[in-house]
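*Asks:* what would the 3D arrangement of this be:
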Amino acid sequence: MKKWKWATWALSFLVISLLVLAFTPVPQAAPDNCYDVTGVVEKVYVPCCGDVAIAIKGDDHLHYINRGLDQGIDLAQWEQLLPGNVVTLKVIRRHWTPLDPTFHQRSIAAVSLDNQTIYNHILSK
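*Replies:* The predicted structure is shown next:
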């Protein structure tokens, strides 16, 4: 009976820990928690929920701006401007989560085209 009690507590702790990890939000973008991804834009699209995604040639990650349409990004303009051009994305470093264990989804904090920033959501210190 004692073993079952211990196993139940251990399993409960594991489930609660995974839930906490699963619902940890993406951290706020700051200069010290972002890294650069540079590449040629294949396409710009809306995967869902008002997000704006930028597909980079040769990179199978989902680079997205959370609620980009709600932030005022002109999708039609970006669809004309970005494909075929080299951009630099500032991507937010984040913690592991069971919802995305391979870090396939990458949240964009800034977009630069021809050394000019066209989107910036990085908080200054």
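*Asks:* from here on, just use CA atoms for contacts and neighbour counts.
*Replies:* OK.
*Asks:* now the residue nearest to the spatial centre of the chain, nearest residue through space, not along the chain?
*Replies:* Note on the chain: the residue nearest the mean C-alpha position is S107, at 1.8 Å, using Cα atoms, centre = their mean. Nearest residue to S107 in three dimensions, chain neighbours excluded: Y64, at 5.2 Å (Cα to Cα, 6 or more residues apart in numbering).
*Asks:* from the chain's centroid, how far away is the helix or strand harbouring the one you found?
*Replies:* Using DSSP states H and E, Y64 maps to strand 62-65. Distance of strand 62-65 from the chain centroid (Cα atoms, centre = their mean, to the nearest Å) equals 5 Å.
*Asks:* so what strands line up beside that strand?
*Replies:* Strand 62-65 sits in its sheet next to strand 52-56 (antiparallel), strand 105-113 (parallel), going by DSSP bridges.
*Asks:* what lies in contact with the shortest one?
*Replies:* In other words, strand 52-56. 39-47, 61-69, 75 (Cα atoms under 8 Å, 6 or more residues apart in numbering).
*Asks:* quick one: buried ones out of these?
*Replies:* Among these, the ones that count as buried by 16 or more other Cα atoms under 10 Å are 39-46, 62-66, 68, 75.
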